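*Asks:* need a 3D model of the sequence below.
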Amino acid sequence: MILDKENLFSHGQAVTAAAPSKNIVDLGAGDAGPSERLSLFVNAGTAFTGGGTLTVELMTAAEMLPDGTAMKDPAAVASYAVTNAQLLAGGKLAAARLPHGMRRYAALNYKVDGSLAAGTITAGLVLDVQAA
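*Replies:* Model prediction:
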């Protein structure tokens, strides 16, 4: 799996409470769905501790706010549940092809249920997700 800085939502981002990804990815024309072969990956860079679960929401929007800091009127197009066992083990947390309906901009929203500590996430878009 080859990573590209321009296609990373998070790189070593600590996620212990609900938070958006640090970066927004510009997909260009939009609707880069399954036919475009792009895949989302979400990995734990360091294993988490605690007793919580994580839901990763894939968000999309047609426009950015004028100051460029966030998407304007984002909508969730997919959601990926991550169990506590997955978080404690680290490694691959989620992998999926981008769904149809993607607009020009994409970001992730991390929702934490319970208490998580000491874990980091690296997530982004790649052409092929690593098998292991």
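*Asks:* what's the distance between residue 38 and residue 4?
*Replies:* Counting by CB to CB, to the nearest Å, the gap from residue 38 to residue 4 is 11 Å. All C-beta atoms are positioned from the backbone trio N, CA, C, and that covers glycine.
*Asks:* what's the answer for residue 79, then?
*Replies:* 24 Å.
*Asks:* which outside residues touch the helix or strand bottoming out on mean pLDDT in the chain?
*Replies:* In the chain, no helix or strand scores lower on mean pLDDT, DSSP states H and E than strand 116-117, which sits at a mean of 88. With CB atoms under 8 Å, 6 or more residues apart in numbering as the test, strand 116-117 has contacts from 15-17, 48-50, 52, 54, 87.
*Asks:* redo that, cut-off 6 Å
*Replies:* Outside strand 116-117, the residues that touch it by CB atoms under 6 Å, 6 or more residues apart in numbering are 16, 48-50, 52.
*Asks:* may I ask which of those residues has the most neighbours?
*Replies:* residue 48 (27 neighbours; other CB atoms under 10 Å).
*Asks:* measure the residue nearest in space to the middle of the chain to residue 51 for me?
*Replies:* The residue lying closest to the centre of the chain (CA atoms, centre = their mean) is residue 108, at 4.2 Å. Going from residue 108 to residue 51 by CB to CB gives 22 Å.
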